[in-house]
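Student: any chance you can model this:
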Amino acid sequence: MTTLLDQDRCSTTRCVERASPWVLGRVASVGTPAGASSAPVPGARSVRAEAALAPLADSHILLFYDQRARGRSTTATHPDSLSFGQDLEDLAAVQAHFGLGPLRLVGHHWGAALAAQYAIRHPGQVARMVLLSPIPDRLSFTFRLAYLPNDTAAIAAWAAARAQGADSLDPAGFCKRYWGFLFSPAEVTTKTVVLGLAPMICDDTPDRLRSRSTISRQLYLSLPGYNWSDSLTMALSPALVIVGGESAAWLSNADQWASRLHDARKVVLGHTALFPWAEAREELNVAIDRFLRGDWPTVAIRVDSLGHPIASP
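Tutor: The predicted model follows:
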């Protein structure tokens, strides 16, 4: 509870005490207008979302935090002790530590699933939630992702680099070239996206970079055969599901989330399915800002499970 962010990071964010030994919190924007909404942003490595969402700090208080054993959290947690359920407990601890009322949650991918499940398990504690490119709503959907067209040259280069031990010998360099394979079987291989997001995604210690695949594997093992398709309707909080438009499979996944949640709409922005802010950062922030203020973005639509628009009441 004593270590603060290093000074160069504090030049752009206001530093706060760690919420516990396993989480490092950062509150964006000094002098945020009184009465602005507060939006915790859960993330395995929250710095990947900080730059994308920075404009929101002009009108909202954003609390970014790194989950245990990831990013700059300081807990020396063995991967075997990590789980989806533990991440939910940690989010509850963050809420309690900062004395936050009903949350406005912004979650990316794994963090999006955490936000939705938190709303289900803690009724009344989530006011609104933004789900950025959420993971599949059921495990079986990953088999569909496995059949997506892929970049065979990129896969061969990644496999060759691993065979040569580059992921252990030069974890930073390996991450900058191949971080997109963390999202396998829907790996990100578009060169401009990989290079453009690498400085944020690979901003980690060598040991943490080496352990990422192991930690990701363990987290998904904590969800054996999961299927949330029927339970998502229990999340009563308004939800904004945002996804990039490049992949029919990921668009379909967004449709499943948006159609099954009790009160949700979908927004398609940019091209990159898992990182819609890569090409549409300004549009993303406009949409999230409007939603956090209590209104639906003009580009948000209600959809059925097949992605067909539904007239809003």
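
Student: please report the distance of the nearest residue to Ser168 once chain neighbours are set aside from Trp179.
Tutor: Nearest non-adjacent residue to Ser168, counting by CB to CB, 6 or more residues apart in numbering: Arg210, 6.0 Å away. The C-beta positions use only the backbone N, C-alpha and C, and glycine is treated the same way. To Trp179, Arg210 is 13 Å away according to CB to CB, to the nearest Å.

Student: surely Leu274 meets Trp250?
Tutor: Yes - in this structure Leu274 lies within contact range of Trp250 using CB atoms under 8 Å: 7.1 Å.

Student: below-threshold pLDDT in the stretch 51-200 of the chain: ranges please.
Tutor: For the stretch 51-200 of the chain, the stretches with pLDDT under 70 are 75-77, 79.

Student: just the strands in it please.
Tutor: Along the stretch 51-200 of the chain, counting by DSSP state E, counting those that start in this stretch, strands occupy 60-66, 103-108, 126-132.

Student: got JSON lines for those strands, with distance to Asp230 and mean neighbour count too?
Tutor: Formatted as JSON lines, those follow (distance: least, CB to CB, whole Å; neighbours: other CB atoms under 10 Å):
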{"stretch": "strand 60-66", "distance to Asp230": "30", "mean neighbour count": "24"}
{"stretch": "strand 103-108", "distance to Asp230": "21", "mean neighbour count": "27"}
{"stretch": "strand 126-132", "distance to Asp230": "18", "mean neighbour count": "25"}
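
Student: dump these into JSON lines; add distance to Thr190 as well.
Tutor: Converted to JSON lines, these look like this (distance: least, CB to CB, whole Å):
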{"stretch": "strand 60-66", "distance to Thr190": "26"}
{"stretch": "strand 103-108", "distance to Thr190": "18"}
{"stretch": "strand 126-132", "distance to Thr190": "18"}
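
Student: between Leu274 and Trp250, which contacts overlap?
Tutor: The overlap between the contact sets of Leu274 and Trp250 (CB atoms under 8 Å, 6 or more residues apart in numbering) consists of Ser133, Ala186, Gly244.

Student: can you give me phi and psi for the second one?
Tutor: This means Ala186. For Ala186, the backbone dihedrals are phi -120, psi 60 (criterion: degrees, to the nearest 10).

Student: what's the closest of the strands of the stretch 51-200 of the chain to Gln164?
Tutor: Smallest distance to Gln164 across the strands of the stretch 51-200 of the chain (CB to CB): 29.9 Å, for strand 60-66.

Student: for His97, which of the strands of the stretch 51-200 of the chain is the nearest?
Tutor: strand 60-66 (9.9 Å).

Student: domain parsing for this protein?
Tutor: 7-139+227-310, 145-221 (automatic domain parsing).

Student: distance between the ends of the shortest one?
Tutor: The first residue of domain 145-221 is 18 Å away from its last residue (CA to CA, to the nearest Å).

Student: just the helices in this structure please.
Tutor: 7-10, 47-53, 84-97, 110-121, 141-146, 152-163, 166-169, 171-178, 191-201, 206-221, 248-260, 277-292 (DSSP state H).

Student: which residues are in contact with the fourth one?
Tutor: So the one you mean is helix 110-121. 41-44, 84, 87-88, 91-92, 103, 105-107, 125-126, 129-135, 219, 228, 231-232, 234-237, 239, 257, 261.

Student: before we move on, the earlier item: dump the helices of the chain into JSON lines; add distance to Ile61 as well.
Tutor: Formatted as JSON lines, the helices of the chain follow (distance: least, CB to CB, whole Å):
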{"stretch": "helix 7-10", "distance to Ile61": "16"}
{"stretch": "helix 47-53", "distance to Ile61": "12"}
{"stretch": "helix 84-97", "distance to Ile61": "14"}
{"stretch": "helix 110-121", "distance to Ile61": "17"}
{"stretch": "helix 141-146", "distance to Ile61": "35"}
{"stretch": "helix 152-163", "distance to Ile61": "39"}
{"stretch": "helix 166-169", "distance to Ile61": "37"}
{"stretch": "helix 171-178", "distance to Ile61": "31"}
{"stretch": "helix 191-201", "distance to Ile61": "21"}
{"stretch": "helix 206-221", "distance to Ile61": "27"}
{"stretch": "helix 248-260", "distance to Ile61": "26"}
{"stretch": "helix 277-292", "distance to Ile61": "11"}
